[in-house]
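In: Here is a sequence together with a model predicted from it:
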Amino acid sequence: MVNAKRYLRLLGVQLKASGLLALQYRADFLAEGLTSLAWTFTALAPLFVVFGARPTIEGWTFQESLLVVGWFTLLQGVLEGAISPSLTGMVEHIRKGTLDFVLLKPADAQFLVSTQRFLPWRAVNVLSGVALFVYAFMSLGRWPSVPGILASLVLLGTSMLILYSLWILVVSAAFFVVKVDNLTYLFTSIFDAARWPSSVFRGTLSWVFTFIIPLALMTTFPALALLGRLPWTWLVGAVVGAVAFASIARRVWLLSIRHYTSASS
């Protein structure tokens, strides 16, 4: 309990420092926020093109697919605002041999490298995702049930945990290879597929996006929960899968950090 309070206080300090840094250049802050908003609308373009030619795709209407895009937009904000900046900075620390400054601090190294930098303007993506939820349900003419909202909030937690774990697995490669930029770009490109309902993918891609890189769990499952169509067994499976992913990522991190060589070694 004491440790939890200590780490929450550390997280608060890191968030405050990132906020002050972002507000130091207010014009840039506003420009980045508007850019994020523009990218949100461009993400809708493929949806308009596809549903302009047919009313449904694999049982999903335009309004229901908007919920998937909403979750994709929300998680993109979490990835690019809270996960990617810190862990990309960690790769630079490893490359330059300056990770010692983090390892010598009296706190868990994974926590420190994961919270060293946040981009507050990415909160625009989170708000845009919520706005898409509201618009989609207004168009459907109904609202989600309370159990559906609670299930989707649980899935939001599991989605963020899986996203973070996948990113930890990707950047852990930096302990063994000089540059992992290509891997991060590859992961970001694959994540783009999460804007579509998982049922549009067939064969091998469907299996990969469900069990290897669980994009279905991150965006399609929460959308199904809001629509009241998610079986409870899928919800339990999502929680178990997220905990398993986090355990694997933690294990890989601890094994990888043993291979770190500082600039003075």
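Out: Done, it's in.
In: hey, let's count contacts and neighbours off CA atoms from now on
Out: Fine.
In: ranges for the helices of the stretch 1-150 of the chain?
Out: 2-23, 26-42, 45-51, 62-78, 84-96, 100-103, 109-114, 123-140, 146-171 (DSSP state H, counting those that start in this stretch).
In: now, of those, which is deepest in the fold?
Out: Highest mean neighbour count of the helices of the stretch 1-150 of the chain: helix 62-78, a mean of 25 (counted as mean count of other Cα atoms under 10 Å).
In: could you dump it to PDB, C-alpha only?
Out: Taking C-alpha atoms only, helix 62-78 is exported to PDB below (Å, rounded to 0.1, in the frame of the first residue of the first chain):
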ATOM      1  CA  PHE A  62     -21.800   2.300 -40.400                       C
ATOM      2  CA  GLN A  63     -22.900   3.500 -36.900                       C
ATOM      3  CA  GLU A  64     -21.700   0.300 -35.200                       C
ATOM      4  CA  SER A  65     -18.300   0.600 -37.000                       C
ATOM      5  CA  LEU A  66     -18.000   4.100 -35.700                       C
ATOM      6  CA  LEU A  67     -17.800   2.600 -32.200                       C
ATOM      7  CA  VAL A  68     -14.800   0.600 -33.400                       C
ATOM      8  CA  VAL A  69     -13.200   3.700 -34.900                       C
ATOM      9  CA  GLY A  70     -13.900   5.500 -31.600                       C
ATOM     10  CA  TRP A  71     -12.000   2.900 -29.600                       C
ATOM     11  CA  PHE A  72      -9.200   3.000 -32.100                       C
ATOM     12  CA  THR A  73      -9.000   6.800 -31.800                       C
ATOM     13  CA  LEU A  74      -9.100   6.700 -28.000                       C
ATOM     14  CA  LEU A  75      -6.400   4.000 -27.800                       C
ATOM     15  CA  GLN A  76      -4.300   5.800 -30.400                       C
ATOM     16  CA  GLY A  77      -4.300   8.800 -28.100                       C
ATOM     17  CA  VAL A  78      -3.200   6.600 -25.200                       C
END
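In: Distance from the chain centre to it, please.
Out: Put simply, helix 62-78 sits 12 Å off its chain's centre (Cα atoms, centre = their mean, to the nearest Å).
In: Over to stretch 187-198?
Out: The answer for stretch 187-198 is 11 Å, by Cα atoms, centre = their mean.
In: Any stretches of the stretch 101-250 of the chain with poor pLDDT?
Out: Low-confidence segments of the stretch 101-250 of the chain, defined by pLDDT under 70: 178-182.
In: Quick check: end-to-end length of stretch 113-122?
Out: End-to-end span of stretch 113-122 (Cα to Cα, to the nearest Å): 19 Å.
In: likewise stretch 135-147?
Out: 20 Å.
In: Make JSON lines out of the helices of the stretch 1-150 of the chain and add distance to Pro214.
Out: As requested, the helices of the stretch 1-150 of the chain are exported to JSON lines (distance: least, Cα to Cα, whole Å):
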{"stretch": "helix 2-23", "distance to Pro214": "27"}
{"stretch": "helix 26-42", "distance to Pro214": "22"}
{"stretch": "helix 45-51", "distance to Pro214": "21"}
{"stretch": "helix 62-78", "distance to Pro214": "13"}
{"stretch": "helix 84-96", "distance to Pro214": "18"}
{"stretch": "helix 100-103", "distance to Pro214": "31"}
{"stretch": "helix 109-114", "distance to Pro214": "21"}
{"stretch": "helix 123-140", "distance to Pro214": "20"}
{"stretch": "helix 146-171", "distance to Pro214": "8"}
